[in-house]
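*Asks:* Output the structure for:
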Amino acid sequence: MSLISKLFVLQVKTWNAFTYACQGFQEFQQRIWIVSIQKNATEQGTLLNDTFVVSEDSFSSPMSWMHKRGYNEVMISKVDKMPRSKVVKISVDDESHSLIRVK
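*Replies:* Purely as a prediction, here's the structure:
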């Protein structure tokens, strides 16, 4: 094996090791949910609906959005274990939350 071939193989191995190390720092597995919140507006006899895209990228701590919305630990555990493309319905106070995990 010539010196140039050895250098090329060493360079390829070094590059592969570098890209593998960088992948550990990238966050491709962050979860994203679509949350639809239905509120009963008893005064008007109508149903109010809000929809949010909730991404872990914006969380200050694990499940912080859910904590702020009043989810208890059982609800948070259920959301935490959600597989992709599944729907979970949660009742919080006078609201019904439908969560779909999309990533």
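
*Asks:* CA only for contacts and neighbour counts going forward, please
*Replies:* OK.

*Asks:* Helices of the chain, start to end?
*Replies:* Applying DSSP state H to the chain gives helices spanning 3-25, 64-68, 73-80.

*Asks:* Just put those in JSON lines and tack on mean neighbour count, mean pLDDT and distance to Lys103.
*Replies:* Putting those into JSON lines (neighbours: other C-alpha atoms under 10 Å; pLDDT from 0 to 100; distance: least, C-alpha to C-alpha, whole Å) gives the following:
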{"stretch": "helix 3-25", "mean neighbour count": "11", "mean pLDDT": "77", "distance to Lys103": "18"}
{"stretch": "helix 64-68", "mean neighbour count": "14", "mean pLDDT": "91", "distance to Lys103": "16"}
{"stretch": "helix 73-80", "mean neighbour count": "14", "mean pLDDT": "93", "distance to Lys103": "12"}
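
*Asks:* out of these, nearest to Lys86?
*Replies:* helix 73-80 (10.1 Å; C-alpha to C-alpha).

*Asks:* Contacts for the closest one next, please.
*Replies:* The contact list for helix 73-80 (C-alpha atoms under 8 Å, 6 or more residues apart in numbering) reads Met63, Met66, His67, Val88, Ile90.

*Asks:* The closest residue to the fourth one other than its chain neighbours: how many residues sit nearby?
*Replies:* Setting aside the residues directly before and after it, Val88 is nearest to Leu99 in space (C-alpha to C-alpha, 6 or more residues apart in numbering), at 5.2 Å. Residues contacting Leu99 under the criterion other C-alpha atoms under 10 Å number 24.

*Asks:* List the contacts of Trp65.
*Replies:* With contacts defined as C-alpha under 8 Å, 6+ apart, Trp65 is in contact with Val54, Phe59.

*Asks:* And it, how far from Phe18?
*Replies:* For Trp65, the distance to Phe18 equals 35 Å [C-alpha to C-alpha, to the nearest Å].

*Asks:* hmm, back to that, among the contacts of helix 73-80, which two are most distant?
*Replies:* So, the contacts of helix 73-80 by C-alpha to C-alpha: farthest apart are His67 and Val88, at 16.2 Å.
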